[in-house]
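Asks: quick one, structure for this:
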Amino acid sequence: MAPEDTCYQRIFWREQPTHPLRILKLNTVTYGTASAPYQATRCLNLLAEEESPDFPIAARILKEDCYMDDILSGADTIEEAIEYQRQLKELLGRGCFPIHKWCSNSVEFLEHIPSEDREKHLTLQEYGANEAIKVLGLLWDPTHDMFLIAHQHRPVLAQIERQLWKTNAGWDDIVEEQFQRTCFTMQEALPQLNLIKVPRCITFPDAIGYEIHGFADASTVAYGACIYLRSMFTDGSARLRLISSKSKVAPLHELTIPRMELCAAQLLTRLLDKVIPATQMTFQEVVLWSDNTIVLAWMKKPLDRLQVFVRNRIAEIQKSTNGYKWCDVAYPYVVLSLLRYDQNFSEGTKVTIGSRTLLAATRSPVAGSANHRTVRQQQVSKVFH
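Replies: Numbers count the residues shown, from 1 in each chain. Model (predicted):
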């Protein structure tokens, strides 16, 4: 820090409880203050702006592919990946930020990285993965280029506490037998999350076009939305890849099923607003699916004929999805399975809704993965820390 600013970072200090208190001035920026997250991000952005003439690619990566102190980016070839790594290392070096914990799904790329600068992999037998690393709350198996679900007990406990609170149960009260069975069922189902594997690559090198398909669904206890990329090929077949999903628990005040479905459609709309710009891709069509005909009918009504709760959400949906197509799903179980990322639908299953075949079983996964940021095939992915 500048010497004239150190007076604003004073702390009390003593080596032992019996020692007198000393007042110290911190000479470096300390993480833990309210402004620390902003300072860290602003510092990286400023560094990228100042050094962009010398390191244009690394500057773009810092601005677009950085989250706090983690950088996730990709390249089309090994040569490009090596150049990106060199630029990032030199750019961050000018700001006194040594970069390490490199990881990639390319063994050839890692050969150019000293072993002490590579990320240490985790051994996860229960996931069926020999090696994995942590990536922003997920687990990534770079060998097979798959995301794994690192389930946590905290969300489950929060849901249990929520249900107990609704029943006004006391600390020493014995919960109902039905509630106990629900808790045991949830506990037994948790290990099933280890079986879910989501491909990081969402594009294919020989695809001739792409579509976005979003699904919204709800129940009495929760609602959710998911977005898939549909890749189409010259032989008429197509493949689906999960891009993003989000779910929320139902509000404490009970809503009717149509209103819950409306909340799901609103959630899908907001998710689209974030996903489509992030992909930086051109789509031939964006199709949104719901299995609730009441919600679809609300979207066609004049806003002044709707109640306030419905009108506000329909107005947001119509504004954000203008130009997109909303369709009715005749088979609700399809949406539920897609929201759950059912393994039966993850690879090679034919899913037909109406006259549209969303996923054909004639294709096989392509070796060499692609990053989802661009239409063109990206064969090398790196994870920087």
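
Asks: list the contacts of the spatially most central residue of the chain.
Replies: Nearest to the mean C-alpha position of the chain, by Cα atoms, centre = their mean, lies Ser244 at 5.8 Å. By Cβ atoms under 8 Å, 6 or more residues apart in numbering, Ser244 lies in contact with Cys226, Ile227, Leu271, Lys274, Val275. C-beta coordinates here come from the backbone N, C-alpha and C atoms, glycine included.

Asks: and the two most separated of those?
Replies: Cys226 and Lys274 (13.3 Å; Cβ to Cβ).

Asks: which of the two has more neighbours?
Replies: More crowded of Cys226 and Lys274, by other Cβ atoms under 10 Å: Cys226, with 22 against 11.

Asks: secondary structure element for the more buried one?
Replies: strand 222-232 (DSSP states H and E).

Asks: okay, now the sheet partners of that strand, with direction.
Replies: Sheet pairing of strand 222-232 (DSSP bridges) gives strand 209-218 (antiparallel), strand 238-249 (antiparallel).

Asks: single out the most deeply packed of these.
Replies: Mean neighbour count (mean count of other Cβ atoms under 10 Å) peaks for strand 209-218 among the strands paired with strand 222-232, with a mean of 24.

Asks: and the gap between the residue nearest to Pro258 when sequence neighbours are not counted and Val135?
Replies: Spatial nearest neighbour of Pro258, excluding adjacent residues (Cβ to Cβ, 6 or more residues apart in numbering): Ile294 at 4.2 Å. Remark: distance between Ile294 and Val135 (Cβ to Cβ, to the nearest Å) = 40 Å.

Asks: how about low-confidence regions in this protein?
Replies: 122-131, 150-156, 330-385 (pLDDT under 70).

Asks: and for Leu252, the neighbour number?
Replies: For Leu252, using other Cβ under 10 Å, the count is 8.

Asks: actually, Lys319.
Replies: 9.

Asks: and the helix or strand containing it, which residues are buried?
Replies: If you go by DSSP H and E, Lys319 is part of helix 308-320. For helix 308-320, the neighbour count (16 or more other Cβ atoms under 10 Å) marks Val310, Arg311, Arg313, Ile314, Ile317 as buried.

Asks: just stretch 82-93 next, same as before
Replies: With burial defined by 16+ other Cβ under 10 Å, the residues of stretch 82-93 counted as buried are Ile82, Tyr84, Gln85, Gln87, Leu88, Lys89, Leu91, Leu92.

Asks: so which of these belong to helices?
Replies: Ile82, Tyr84, Gln85, Gln87, Leu88, Lys89, Leu91, Leu92 (DSSP state H).

Asks: out of those, which one sits closest to Ile202?
Replies: When those are compared for distance to Ile202 (Cβ to Cβ), Tyr84 wins out at 20.4 Å.

Asks: so the closest one sits against Pro56, correct?
Replies: No - counting by Cβ atoms under 8 Å, Tyr84 stays clear of Pro56, with 10.9 Å between them.

Asks: and Glu188, how far is that from Thr182?
Replies: Look at Glu188 and Thr182: by Cβ to Cβ, they are 11 Å apart.

Asks: of the two, who's got more company?
Replies: Set Glu188 next to Thr182 and count neighbours by other Cβ under 10 Å: Thr182 wins out with 15 against 9.

Asks: show me the contacts for that one.
Replies: Gln163.

Asks: okay, and it sits in which element?
Replies: helix 177-189.

Asks: and that helix, what's buried?
Replies: Residues Cys183 are the ones in helix 177-189 that count as buried (16+ other Cβ under 10 Å).

Asks: go on, stretch 62-76?
Replies: Leu62, Asp65, Cys66, Ile71, Leu72, Ser73, Gly74, Ala75.

Asks: these in helices, which ones?
Replies: Residues of the buried residues of stretch 62-76 located in helices (DSSP H): Leu62.

Asks: residues in contact with the lengthiest helix in the chain?
Replies: Counting by DSSP H, the longest helix found in the chain is helix 257-279. With Cβ under 8 Å, 6+ apart as the test, helix 257-279 has contacts from 212, 214-220, 223-225, 227, 229, 243-246, 248, 250, 255, 283, 286, 288, 290-292, 294-295, 298, 309-310, 313-314, 316-317, 320-321, 324, 372-373.
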